[in-house]
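Engineer: sequence unknown, structure follows:
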């Protein structure tokens, strides 16, 4: 019997209260174990495949990953003005990270292993919100989708390109409402930008620059050789999940895993969906056709390049080429680690470039997106925030939304960034196909994630090396390394998820899960 067939009963919650206020975890387990009779209503997931509106006016959410951004996600979900979301379960592999949520919702069942949550309690929630390290995103999301659960999943959707494709297809197959956690996509700036582009304010767009201050964690470093004791609150094996087994190290959990390819997706994975996303969405970009990169190298001796393939680079620049819907090519350049484009002539020389073109808060400057058009430029902060129009009039002064007389065409998302969560809740209750969200896996978040991860594919190829013997005229025969993946413009077949001119690159399209963890298959 499949998980979704194992029963369709759920504990009824009183209106306006959390699960924690209705039934304790111990009482819930006792009732489940004894098969006690409990009052039930039909949850949305039992009929979501039919696109039916749930008879319940509340969405029962299992929260997987409860600390850091997970805590922020949970707060935003539970602050919905309609009070139509319920915290049904808390799940985290680290008691330290879960402590705040457990304290806030002391009677909500807390489980460490998401597989136990799915296997034993699938009857008792409608949806999951997943805020965990990148390497476990896909397995956790796919398991929920396969049971008919709606999914809110933090960016980037996945660790691998193949995983993103599977989740995109699964959303349609299982007819579940999906939303990626790029909350900036629901702010008013994205609608303003669309209206500006519709009005042709800067003419034909041929180039986009995207940059960020990331990484703000260690990268370009060797994997530590010294193993340390695993904290008693952390289940290390569960944290590893699908990743290859390694010993626990310091300064990994809960944040710095981002810089290690085993677990994270680096600066591009962390901010690419926020900063490339506006261009990808508003210009209707599809899969890129090619990518190339420049990567900062680290030396640990005289003419001795360090080799740290486990870690993302200190800094990088990645160039993507897209074929636009009008048949013309568009170049998109990504930069991180302190690299920025050449100063635009519209920006005064004594002004911080990122502050001028991107994030307005000088204490929190995380990045910018700049669109280069034939009649001017448009720039914004991460997630399309605070759009600015730069006209070719020599004024060096941008125009903000209040200064641009363009009719409002598109309805704004109520609540802005918080509305990113609230609209997902409403859409889940309405049922698949009955309401829209801003970052669904199908048509947007999935293909965007594939594009972001294709950039990482190029970065990882930079460190592919082969040992060769050379006869140096001064030092004689020596063993050296050559790097066949450097200096290449990779040709990408997006539909087939394949690099066509450098076969070794394709090993990064899909990794092999650790033994005991099910591979994703539709």
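Structural biologist: Structure received. Every value quoted in this text rests on a predicted model; they were computed, and no experiment measured them. Numbers count the residues shown, from 1 in each chain.
Engineer: okay, and the helix or strand of the protein with the least pLDDT?
Structural biologist: helix 25-34 (a mean of 32; mean pLDDT, DSSP states H and E).
Engineer: Can you pull out the residues in contact with the helix or strand following it?
Structural biologist: Toward the C-terminal end, the helix or strand that comes next after helix 25-34 (DSSP states H and E) is strand 59-64. The contact list for strand 59-64 (CB atoms under 8 Å, 6 or more residues apart in numbering) reads 10, 13, 19, 43-44, 70, 73-74, 77, 84-92, 101, 114, 117, 121, 124-132, 140, 149-150, 425, 428-429. To be clear about C-beta, it is placed using only N, CA and C from the backbone, and glycine gets the same treatment.
Engineer: one more time with 7 Å, if that's ok
Structural biologist: Residues from elsewhere that reach strand 59-64 (CB atoms under 7 Å, 6 or more residues apart in numbering): 10, 43, 70, 74, 77, 84-91, 101, 114, 117, 124-130, 132, 140, 425, 428-429.
Engineer: Show me these that map onto strands.
Structural biologist: Counted as lying in strands by DSSP state E, out of the contacts of strand 59-64, are 85, 86, 87, 88, 89, 90, 91, 127, 128, 129, 130.
Engineer: Among those residues, list the two that are farthest apart in space.
Structural biologist: Farthest pair in the ones in strands among the contacts of strand 59-64 (CB to CB) is 86 and 130. Separation: 17.2 Å.
Engineer: Low-confidence ranges, this protein, go.
Structural biologist: Along the chain, the model assigns pLDDT under 70 to residues 1-56.
Engineer: could you redo the last one with a cut-off of 90?
Structural biologist: Low-confidence segments of the chain, defined by pLDDT under 90: 1-56, 226-227, 302-303, 325, 360-365, 392-396, 472, 474-475, 478-480.
Engineer: For it, just list every one of the helices.
Structural biologist: Per DSSP state H, the chain carries helices over the ranges 25-34, 69-78, 95-104, 114-121, 137-146, 161-174, 188-198, 236-240, 266-275, 277-282, 353-357, 416-430, 446-461.
Engineer: could those helices be laid out in CSV, adding distance to residue 253?
Structural biologist: As requested, these are exported to CSV (distance: least, CB to CB, whole Å):
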stretch, distance to residue 253
helix 25-34, 25
helix 69-78, 13
helix 95-104, 8
helix 114-121, 17
helix 137-146, 16
helix 161-174, 22
helix 188-198, 33
helix 236-240, 7
helix 266-275, 16
helix 277-282, 27
helix 353-357, 30
helix 416-430, 25
helix 446-461, 21
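Engineer: ranking those by burial, who's on top?
Structural biologist: With neighbours taken as mean count of other CB atoms under 10 Å, those reach their highest mean count in helix 266-275, at a mean of 28.
Engineer: just checking, what packs against it?
Structural biologist: Using 3 or more CB pairs under 7 Å, 6 or more residues apart in numbering; DSSP states H and E, the elements in contact with helix 266-275 are strand 205-212, strand 329-336, strand 367-373, helix 446-461.
Engineer: do that again at 6 Å, thanks
Structural biologist: strand 205-212, strand 367-373, helix 446-461 (3 or more CB pairs under 6 Å, 6 or more residues apart in numbering; DSSP states H and E).
Engineer: Make a markdown table from the ones you listed and add distance to residue 488 to it.
Structural biologist: A markdown table is the format used below for the helices and strands packed on helix 266-275 (distance: least, CB to CB, whole Å):
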| stretch | distance to residue 488 |
| --- | --- |
| strand 205-212 | 22 |
| strand 367-373 | 26 |
| helix 446-461 | 7 |
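Engineer: between the ones you listed, which one is nearest to residue 244?
Structural biologist: Taking CB to CB, helix 446-461 is the member of the helices and strands packed on helix 266-275 nearest to residue 244, at 15.0 Å.
Engineer: hmm, who's touching that closest one?
Structural biologist: Applying CB atoms under 6 Å, 6 or more residues apart in numbering, the set of residues contacting helix 446-461 from outside is 156-158, 161, 164, 168, 265, 268, 272-273, 277, 280, 288, 291, 293, 316, 318, 485, 490, 505, 508.
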